[in-house]
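below are the sequence and a predicted model for it; my questions follow.
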Amino acid sequence: MSTIRSILFVVFTLWLFLAVILQFTLLYFILRHSPRSFRIFKWLLAYSSISQLVTILSCYFNQFGIITNVKPMVIKSFGLCRCFEPRVCFFSYVIIVVSTYFSNTAIFSTFYFKFRSVKTVALRDSHVAKFMILIHVPVTTIIALKVWFYQEMVPFFDKASEDPQKYKSDEWSIFAIIDENARAFPCLNLALAIGAVWLPVFCCFLRKRILNQVNMRMQRHSAIKRSQHSTFVTGLTIQVMIPSCLYPLAYTIFYFYYLNDMTIPLVNLYNFILIGVPPLVDPIVCLYFVTPFRKTVQGWMGKSNSQIFSTSKAV
């Protein structure tokens, strides 16, 4: 193993342990320290955390990188799944995409139900169930595109089964080849790009509506109560903005290198940062901006349960 690969192995392994510990810590707080009033938010936070755990493990297992300076373009695995046949790496890649979508869906759903709650609208279980089913309908499009992508890769999988050493080395293995006739991969990228655009747009719209409700219709509540609502929304906004900033940058870098027949330096690190940063940062954001969790941590540290008063009134 080269020196660079050895360094990356250490970096990825440290990331794995830190991210998993943070996610399990967050799950502990969600299950043990959520107030009764949380109800739906408790399960949405848990849903997002579990989805991110799946993303973390799948991402570490695969560590994929898209090689843009070869024709046809190839997707390589630099992780543990390089030791397995290409189909295994392909399915772990599918799991990464779907679990990331589920996590983003959970954040959007939390925004929506927060908006409903500050409007003092009763959240019936039937309404919650209908919304959660509806919000997951787009994932069928992602899965359908993945099935299409898989069908286009079947001839390659058959070739790789006949001569596996041709498509792998000690440090990587190829699990997808995308030629000029491929249609599924560009369509999949387009669908993911659309998802990366609509999520921040709708969440920012809901953020504005929530803060308007908090500032205008909750005057009878204490300043501390209003601050708790605003603080919770601020945490959700940060969770949305992290991937929303990373994804456009990632697509810009990818197509710049692809159109100029250049390869992205340390391509697996590039994809790892793109997918791995949100699951690492989100637990810290939740533990700080969700008031009951922050109070518990401050109590353990022997500090007073100070409030974070938001300046959102000016927003």
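Good, I have the coordinates.

where along the stretch 201-315 of the chain do the helices fall?
Along the stretch 201-315 of the chain, counting by DSSP state H, counting those that start in this stretch, helices occupy 223-259, 267-289, 291-300.

quickly compare these and say which is most buried.
helix 267-289 (a mean of 20; mean count of other C-beta atoms under 10 Å). C-beta here means a position set from N, CA and C on the backbone, and glycine is covered the same way.

put the alpha carbons of that helix into CSV.
C-alpha atoms of helix 267-289 as CSV (Å, rounded to 0.1, in the frame of the first residue of the first chain):
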residue,chain,number,x,y,z
VAL,A,267,-10.9,11.1,-6.0
ASN,A,268,-12.0,8.8,-3.2
LEU,A,269,-11.2,11.5,-0.6
TYR,A,270,-13.2,14.0,-2.6
ASN,A,271,-16.3,11.8,-2.6
PHE,A,272,-15.7,10.8,1.0
ILE,A,273,-15.8,14.5,2.1
LEU,A,274,-18.9,15.1,0.0
ILE,A,275,-20.9,12.3,1.6
GLY,A,276,-19.1,11.9,4.9
VAL,A,277,-19.2,15.5,6.3
PRO,A,278,-22.9,15.8,7.0
PRO,A,279,-23.1,12.5,9.1
LEU,A,280,-20.1,13.7,11.1
VAL,A,281,-21.4,17.3,11.8
ASP,A,282,-25.2,16.6,12.2
PRO,A,283,-25.0,14.9,15.6
ILE,A,284,-23.0,17.9,17.0
VAL,A,285,-25.5,20.3,15.6
CYS,A,286,-28.4,18.3,17.1
LEU,A,287,-26.8,18.0,20.5
TYR,A,288,-26.2,21.8,20.6
PHE,A,289,-29.3,23.2,19.0
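
report all helices and strands that it contacts.
Counting contacts by 3 or more C-beta pairs under 8 Å, 6 or more residues apart in numbering; DSSP states H and E, helix 267-289 packs against helix 3-33, helix 40-62, strand 64-67, helix 86-118, helix 223-259, helix 291-300.

relative to helix 86-118, how tilted is that helix?
Angle between the axes of helix 267-289 and helix 86-118 is 30 degrees (criterion: axes from the mean of the first three to the mean of the last three C-alpha atoms, to 10 degrees).

redo the helices of the stretch 201-315 of the chain as JSON lines? Include mean pLDDT and distance to residue 106.
Listed next are the helices of the stretch 201-315 of the chain as JSON lines, based on pLDDT from 0 to 100; distance: least, C-beta to C-beta, whole Å:
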{"stretch": "helix 223-259", "mean pLDDT": "80", "distance to residue 106": "10"}
{"stretch": "helix 267-289", "mean pLDDT": "83", "distance to residue 106": "10"}
{"stretch": "helix 291-300", "mean pLDDT": "88", "distance to residue 106": "17"}
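
a markdown table please, covering the ones you listed and showing distance to residue 50.
As requested, the helices of the stretch 201-315 of the chain are exported to a markdown table (distance: least, C-beta to C-beta, whole Å):
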| stretch | distance to residue 50 |
| --- | --- |
| helix 223-259 | 15 |
| helix 267-289 | 11 |
| helix 291-300 | 17 |
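
residue 92 is nearest to which of the ones you listed?
Evaluated over the helices of the stretch 201-315 of the chain, closeness to residue 92 peaks at helix 267-289, with 12.1 Å, by C-beta to C-beta.

so, low pLDDT: which residues of this protein?
Low-confidence segments of the chain (pLDDT under 70): 1-2, 120-122, 217-223, 267-270, 304-315.

spatially central residue in it, please.
Most central in the chain under C-alpha atoms, centre = their mean is residue 100, positioned 3.8 Å from the mean C-alpha point.

surely that residue and residue 275 touch.
Yes: using C-beta atoms under 8 Å, residue 100 is in contact with residue 275, at 6.4 Å.

mutual contacts of the two, please.
Residues touching both residue 100 and residue 275 (C-beta atoms under 8 Å, 6 or more residues apart in numbering): residue 55.

list the contacts for the residue nearest to the centre of the chain?
51, 55, 275.

tell me which residues in stretch 129-148 are buried?
131-132, 142, 145-146, 148 (16 or more other C-beta atoms under 10 Å).

re earlier: between the helices of the stretch 201-315 of the chain, which gets nearest to residue 6?
helix 267-289 (13.2 Å).

report the distance from that closest one to the chain centre.
Centroid displacement of helix 267-289 relative to its chain, using C-alpha atoms, centre = their mean, to the nearest Å, is 8 Å.

can you check what angle separates it from helix 223-259?
170 degrees.

helix 267-289 to helix 291-300, inter-axis angle?
Here the directions of helix 267-289 and helix 291-300 differ by 80 degrees (the same axes, to 10 degrees).

now helix 267-289 and helix 3-33, what's the angle there?
20 degrees.
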